[in-house]
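J.: need a structure here:
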Amino acid sequence: MAPRLPPQILAIYLGSPYNLTVSNCMREKPPSTSEVIMSHKAKLKPLVLNPADGRAYPMGRMSAVFKADLEETNSTLSVSEWWLEPNTEGPHLHKHPEAHLFYVIEGKPAVYLEGKNWIEAEKGSYIYIPGGEEHGFENRSDNIVSFMSINTPGGFEETIPHIVNYFEANPLGDTKTST
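T.: As a prediction, the model looks like this:
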C-alpha cells in the first residue's frame, strides 16, 4: 500500500470555511453557493505574472510557486506550479475538499487517481480530480516534472507553510518505481 500524507497536514486550514478533523479531513457539509460564487463586493483586477513571478515554497526535492490565490481570486481558485526533481516521491496519497485540475507542463508525472490506480501523464495532459477523491503524484522518471495545479475553491495557499514545515522534518525520498 502506498504511504499517505498525515491527515494533520491537510487539516490545517487557517480561517477557512472548512471544518476539518484529523480523522476525516473532509468538509462536514458541501459548500454553500455564497462560498463558491465571488462576492459582489470584491472588485478583482486583471493579473499578469511573468514566468519567474509568484510566491515560491521550496520543499526539498519538490517546490511550488503560487501564482494566484486568496485576494487575487477572491478565494474562488488557487493557481500554482509544482516541480519535482527526478525520481522523487510526492506528497503521498491524500484527499481534501478542494477539486484539482492538473495540467502537465514538463515531464511525465505519475498520478494516482482513486479507482484508477497510478497513471503516467504526458506533457500537455489534463487531469481533473474531484474534491474528496484520494490522489497523489510523484516523479518516477530521470527528468524534471512540472505541472500547473488549479484548486477550487481557493485558499489552499494558507496550508502551504505547514506543509513546508512537514517536509523539512520529513524529506521526500526516492520513488520505489522508475519508468
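J.: what sits against the residue positioned nearest the centre of the chain?
T.: In the chain, the centroid-proximal residue (C-alpha atoms, centre = their mean) is residue 149; its distance is 6.1 Å. By C-beta atoms under 8 Å, 6 or more residues apart in numbering, the residues touching residue 149 are 78-82, 100-102. Backbone N, C-alpha and C define where each C-beta goes, glycine included.
J.: so where do the strands sit in this structure?
T.: Taking DSSP state E as the test, the strands found in the chain are 55-59, 62-68, 78-84, 99-106, 110-113, 117-120, 126-129, 135-138, 145-152.
J.: In its sheet, which strands sit next to the last one, and in what direction?
T.: Strand partners for strand 145-152, identified by DSSP bridges, are recorded as strand 78-84 (antiparallel), strand 99-106 (antiparallel).
J.: now, of the ones you listed, which is deepest in the fold?
T.: Neighbour counts (mean count of other C-beta atoms under 10 Å) averaged over each of those peak at strand 78-84, with a mean of 22.
J.: can you list contacts of that one?
T.: Residues from elsewhere that reach strand 78-84, judged by C-beta under 8 Å, 6+ apart: 54, 61-70, 73, 90, 98, 105, 109, 137-139, 144-152, 154-157.
J.: Same question for stretch 100-110.
T.: Outside of stretch 100-110, the residues within contact range by C-beta under 8 Å, 6+ apart are 81, 84, 90, 111, 118-129, 135, 137-141, 143-152, 175, 177, 179.
J.: let's go with 6 Å and repeat that
T.: Contact with stretch 100-110 is made by 118, 120-123, 125-129, 137-141, 143-151, as judged by C-beta atoms under 6 Å, 6 or more residues apart in numbering.
J.: which stretches of this protein aren't confidently modelled?
T.: For the chain, the stretches flagged by pLDDT under 70 are 1-41, 177-179.
J.: which of the contacts of stretch 100-110 are buried?
T.: Buried members of the contacts of stretch 100-110, scored by 16 or more other C-beta atoms under 10 Å, are 121, 127, 129, 137-141, 145-151.
J.: Go through the residues you listed and say which is closest to residue 49.
T.: Distance to residue 49, by C-beta to C-beta, is smallest for residue 148 among those, at 12.3 Å.
J.: so what's that closest one closest to, chain neighbours aside?
T.: Distances taken as C-beta to C-beta, 6 or more residues apart in numbering place residue 103 nearest to residue 148, at 4.4 Å, with adjacent residues excluded.
J.: beta partners of that neighbour?
T.: Going by DSSP bridges, residue 103 is paired in beta bridges with residue 126, residue 148.
J.: before we move on, back to that, can you lay out the strands paired with strand 145-152 as a markdown table showing distance to residue 43?
T.: Listed next are these as a markdown table, based on distance: least, C-beta to C-beta, whole Å:
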| stretch | distance to residue 43 |
| --- | --- |
| strand 78-84 | 19 |
| strand 99-106 | 25 |
